[in-house]
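S.K.: Just a sequence and a predicted model for now, questions to come.
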Amino acid sequence: MEFTEICKPFDSLTVKELYAILRLRSEIFVVEQKCVFLDMDNIDQSCQHLMLYHNKELIAYARIVPSGLSYQQPSIGRIVTSSVVRGKGFGKELVKLAIENCERLYGKKQIKIGAQLYLKTFYGSFGFTSVGEVYDEDGIDHIHMIRPVN
């Protein structure tokens, strides 16, 4: 399945792009995962937004966070794929592109993520290793992971 990649800062997002991002994040994080949390955390405005589109529909998204906002290192967060395309490799493509964009934007540095624990092996396949203890975030077990400089 082909897709179009777009990565841009918050201030360059169109209203339609922002709506699609917030809708996808809400569909998965709030409705599907049943997490009641404030998704709009005032970090989006300082981030780059990676979007994958197929047939003009947003199918995958990740937020690329500069150093000092979430963690000391640059970070990738709000990693999400539409339930419509799961199992078709878009999650892997999204993470690969998010790492590439993070390095393009911020240089070859460690990248830190707060991963849902059940995805530890998935992120491990991209070179991330767990650091610290498992913690609860919005009722879901998470673990911090770091990808060393390659």
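M.R.: Here it is on my side, so go on. Just so we're clear, the structure is a prediction, and the values are computed from it rather than from any experiment.
S.K.: can you give me the helices for the chain?
M.R.: Counting by DSSP state H, one finds helices in the chain at the ranges 15-25, 90-106, 120-124.
S.K.: Ranking these by mean neighbour count, which comes first?
M.R.: With neighbours defined by mean count of other CB atoms under 10 Å, none of the helices of the chain is more surrounded on average than helix 90-106, at a mean of 18. To be clear about C-beta, it is placed using only N, CA and C from the backbone, and glycine gets the same treatment.
S.K.: ok, and what's touching that one?
M.R.: Applying CB atoms under 8 Å, 6 or more residues apart in numbering, the contact partners of helix 90-106 are 1, 3, 5, 7, 48, 50, 52, 59-62, 64, 66-67, 74-76, 79, 81, 109, 111, 122-123, 125-126, 147.
S.K.: Give the closest residue to the residue positioned nearest the centre of the chain in space, chain neighbours not counted.
M.R.: Closest to where the C-alpha atoms of the chain average out (CA atoms, centre = their mean) is I79, at 2.5 Å. In this structure, I79 finds its nearest non-sequential neighbour in A62, 4.7 Å apart by CB to CB, 6 or more residues apart in numbering.
S.K.: hang on, isn't that neighbour packed against L50?
M.R.: Yes - with contact defined as CB atoms under 8 Å, A62 reaches L50; the gap is 4.6 Å.
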